[in-house]
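Student: sequence and predicted structure, then a few things I'm wondering about:
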Amino acid sequence: ISTIGFADDKIFESAKSSLDMDAEIIKVLYDNNQVDTVCPKQSVGCYISKDGGMILLSDSIPSDHKDVVLLGLYSDYLQHNNTGLIDNSLTCDLKVKYLADSNKSKLSKLYSSQCDAIYRNKVIVMN
């Protein structure tokens, strides 16, 4: 179990800059048990808005995915804190851009295809 570190702070600043949103940094708790108890099934982490907000993240997340997952959760927090809503496709696009800018093209393509499969071309039918 650990809380926010220097690298996490840099990722938070990157999310703020990319979204052009501001907020106080929130605590990150690396704890598999908390993730299993609180976060959606099969997830490696989540943002919780209760009590000022916190991010729970698995302490066994693969290192090549940790930064981008944390960036996505910070994005969710910033959006929620600034607008009251979370745009999942915006978060997804932010993660893809972050990976591309970090020269992680294989991961960028993986995340991009997941974004396309999950969030693109969705049609809402109103009756």
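Tutor: Perfect, thanks for sending it.
Student: quick check: longest helix of the chain.
Tutor: helix 63-83 (DSSP state H).
Student: which SSE is immediately downstream of that helix?
Tutor: Following helix 63-83 in sequence order, the next helix or strand is helix 88-101 (DSSP states H and E).
Student: send me that following helix as CSV with only the CA atoms.
Tutor: Extracted C-alpha coordinates of helix 88-101, given in CSV (Å, rounded to 0.1, in the frame of the first residue of the first chain):
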residue,chain,number,x,y,z
ASN,A,88,-15.3,8.2,-21.3
SER,A,89,-14.4,8.7,-25.0
LEU,A,90,-12.4,11.8,-24.0
THR,A,91,-10.6,9.8,-21.4
CYS,A,92,-9.9,7.1,-23.9
ASP,A,93,-8.6,9.5,-26.5
LEU,A,94,-6.4,11.1,-23.9
LYS,A,95,-4.8,7.8,-23.0
VAL,A,96,-4.2,7.0,-26.7
LYS,A,97,-2.5,10.4,-27.3
TYR,A,98,-0.4,10.0,-24.1
LEU,A,99,0.9,6.6,-25.3
ALA,A,100,1.6,7.9,-28.8
ASP,A,101,3.4,10.9,-27.4
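Student: show me what it is in contact with.
Tutor: Surrounding helix 88-101, the residues in contact under the criterion Cβ atoms under 8 Å, 6 or more residues apart in numbering are 14-15, 18-19, 67-68, 71-72, 75-76, 79, 105, 107-108, 111-112, 114-115, 118-120. All C-beta atoms are positioned from the backbone trio N, CA, C, and that covers glycine.
Student: mind listing what the residue nearest to the spatial centre of the chain touches?
Tutor: The C-alpha lying nearest the average C-alpha coordinate of the chain belongs to residue 72 (Cα atoms, centre = their mean; 1.7 Å). By Cβ under 8 Å, 6+ apart, residue 72 lies in contact with 91-92, 94-95.
Student: understood, closing this out.
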